[in-house]
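> return atomic coordinates for the entry below.
(one chain, ligands or ions: 1)
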Amino acid sequence: MDIDKQNVSLGVMEKITSLAKRRGFIFQGSEIYGGYQGFWDYGPAGVEMKNNIKKEWWKYMVSEQENVVGIDAAIIMNPKVWEKSGHLKAFTDPLVECKVCNKRFREDSEDSISEHEKTHKDEKDIWTKAKTFNLMTEVLLGTTEPKEKSYLRGEITQGAFVNFKNVVDSNRVKIPFGIAQIGKAFRNEITPGNLTFRSREFEQMELEYFVKPSDGESKETFEYFKEMRKKWYESLGIDPKKLRFHDHEPDKIAHYARYATDLEYEAPFGWSEFEGIHHRGDYDLKNHGLTYKDNLTGEEFTPWVIETSGGVDRAMLFFLIDAYTEDGERVYLKLNPRISPYKVAVFPLLANKPELLSKARDVYKDLKANFNVVWDDRGNIGKRYFAQDEIGTPWCVTVDFESLDDNTVTVRDRDTASQERIAIDNLSEYFQNRLRK
Ligand code: GAP
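Residues are numbered from 1 along each chain as shown. Take a look at the predicted model:
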């Protein structure tokens, strides 16, 4: 029986978690010591996929744009940055505490709260009123006591603002222009969960786009980036029916934003934020005392900022969920080849035939010059297809006895399981063309 992709949501998180570990995508952080809540390690397939996502993002948001430049700021910044940015006061989540066992939960994490209530079935009124809890992660620096308190950045964003003047002075950028960045952020999340969805250490990919202070122009830019970001996820294969925008209610909006929209994905655990698009107005530059001078007109003003802020880990998780497909006996990740960890797997039909091995090694080495290729000579061909399907490798190449005679190989397609014979000399061109589609 074919199982429709839409109908696999039951238990899909368990299936994805198990596949992610089995195939080397995502491991529990510090697993041999029992793990560490909210921290994850990426395995060989995971790091390839994560790098592909970042590469695609950079190409789309920076390289293909005329007026966007990149930076890579330090994770730890002068603590004054966080004072001025408002994070030390306002970067908070509301939490409730269980009066019986003092465990704390995010007020909006309804699932965890109702799960916890089951452990105190006989008690009534177990929750305290919601209190706010700061998400910044403290670090202590220096060698003499008292050590200096600093913070791991809670958003990568501030690096773009504090370098605003450096970028303007060292580049030919003119308003409107953007500063893009990808990097790690850290949050002392109260209830991390759903695999990497809410972690304590994660990566963000952000664009801070500076415009003239104007309601009309900034609204237009906001709408433009909303659609642009949605298109990016769709172009990499996310089912458009599972994407929607959700405007922030005024009482839930981040302290720095005038208005904001989340791009949401319909995950097995409900509609969830993929990425935030925020109108930050002049909030940050003004707080850091930074302005912009138009060299032509001499006009000096504080630019307004439209921000697109996505999570790399969250994007990867949703790409995995969206790609997870059960088709009869077969399980495969229908990943867009641009983000799949490997583009091609090369097999010798039999691992114990030196002539097949040697020919297959030559094919592998040739393809490796242009593509991310993986080698597999374990078990039988069926098992190798099974493994590559679960990793999401779009094409498998098998070198068999016919290959020795006519210099052709079998290329098997992940999504259709169909096979065709292709001349070894034409393989690179064949895959280039398929990747362009
Ligand atoms: N600079 C704005 C900012 O940081 P945010 O909505 O707090 O905005 C942006 O975060 C994105 O970062 C989210 O949409 C999500 O993809 C990712 N993100 C935030 N917190 C996260 C967490 N604890 N674990 C994984 N990803 C997270």
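> show me what contacts residue 407?
Taking Cβ atoms under 8 Å, 6 or more residues apart in numbering, we find residue 407 in contact with 423, 424, 425. Backbone N, C-alpha and C define where each C-beta goes, glycine included.
> the helix or strand hosting residue 326 packs against which elements?
Per DSSP states H and E, residue 326 falls inside strand 324-327. Identification of packing neighbours for strand 324-327 by 3 or more Cβ pairs under 8 Å, 6 or more residues apart in numbering; DSSP states H and E yields helix 12-22, strand 330-333.
> tell me which of these lies nearest to residue 95.
With Cβ to Cβ as the measure, helix 12-22 is the member of the helices and strands packed on strand 324-327 nearest residue 95 (23.7 Å).
> who in the stretch 301-437 of the chain is up against the ligand?
307, 309, 310, 311, 313, 314 (Cβ under 6 Å from any ligand atom).
> who's in contact with the fourth one?
By Cβ under 8 Å, 6+ apart, the residues touching residue 311 are 202, 203, 204, 205, 274, 275.
> pull out the buried residues from the host helix or strand of the fifth one.
When you say that, I think you mean residue 274. Under the criterion of DSSP H and E, residue 274 resides in strand 270-281. For strand 270-281, burial by neighbour count (16 or more other Cβ atoms under 10 Å) applies to 272, 273, 274, 275, 276, 277, 278, 279, 280, 281.
> contact partners for the residue in the stretch 1-150 of the chain positioned nearest to the ligand?
Nearest residue of the stretch 1-150 of the chain to the ligand, counting by Cβ to the nearest ligand atom: residue 38, 7.6 Å away. By Cβ under 8 Å, 6+ apart, the contact list for residue 38 reads 189, 192, 198, 199, 200, 201.
> need phi/psi at the closest residue to the fourth one other than its chain neighbours.
Of all residues beyond its chain neighbours, the one nearest residue 199 is residue 38 (5.1 Å), with distances taken as Cβ to Cβ, 6 or more residues apart in numbering. Residue 38 adopts backbone torsions of phi 90, psi 10, taken as degrees, to the nearest 10.
> how much space between residue 38 and residue 186?
Residue 38 sits 10 Å away from residue 186, going by Cβ to Cβ, to the nearest Å.
> ok, residue 143 next?
From residue 143 across to residue 186, the span is 23 Å (Cβ to Cβ).
> where do the helices sit along the stretch 301-437 of the chain?
For the stretch 301-437 of the chain, helices defined by DSSP state H, counting those that start in this stretch occupy the ranges 312-323, 354-368, 381-391, 401-406, 427-436.
> cool, and the stretch 151-300 of the chain?
Using DSSP H, counting those that start in this stretch, the helices of the stretch 151-300 of the chain run over 158-162, 164-170, 215-235, 283-287.
> where does the residue nearest to residue 432 when sequence neighbours are not counted land on pLDDT?
Spatially, and ignoring its direct neighbours in sequence, residue 432 is nearest to residue 370 (7.5 Å; Cβ to Cβ, 6+ apart). Predicted confidence (pLDDT) at residue 370: the value is 94.
> equivalent analysis for residue 392, please.
Looking at residue 392, its pLDDT stands at 98.
> same check on residue 132?
89.
> identify the bridge partners of it.
Note on residue 132: beta-bridge partners residue 94, judged by DSSP bridges.
> give me every residue that touches the most centrally placed residue in the chain.
In the chain, the residue lying closest to the centroid (Cα atoms, centre = their mean) is residue 312, at 1.9 Å. By Cβ under 8 Å, 6+ apart, the residues touching residue 312 are 50, 53, 54, 57, 182, 202, 203, 204, 205.
> now do the SS call for the first one.
Looking back up the chat, that one is residue 50. Secondary structure assignment for residue 50 (DSSP: H, G, I helix; E, B strand; the rest coil): helix.
> measure the residue in the stretch 301-437 of the chain that the ligand sits nearest to to residue 263 for me?
Among all residues of the stretch 301-437 of the chain, residue 311 sits closest to the ligand, at 2.5 Å; criterion: Cβ to the nearest ligand atom. Distance, residue 311 to residue 263, by Cβ to Cβ: 11 Å.
> ok, residue 386 to residue 400 distance?
Taken as Cβ to Cβ, the span from residue 386 to residue 400 is 19 Å.
> cool, residue 84 as well?
66 Å.
> about what we covered before: can you say which of the helices of the stretch 301-437 of the chain is packed in most?
Ranked by mean neighbour count under mean count of other Cβ atoms under 10 Å, the helices of the stretch 301-437 of the chain are led by helix 312-323, which reaches a mean of 24.
> for the stretch 51-200 of the chain, just list every one of the strands.
Applying DSSP state E, counting those that start in this stretch to the stretch 51-200 of the chain gives strands spanning 68-70, 92-97, 104-106, 131-134, 137-141, 148-152, 177-186.
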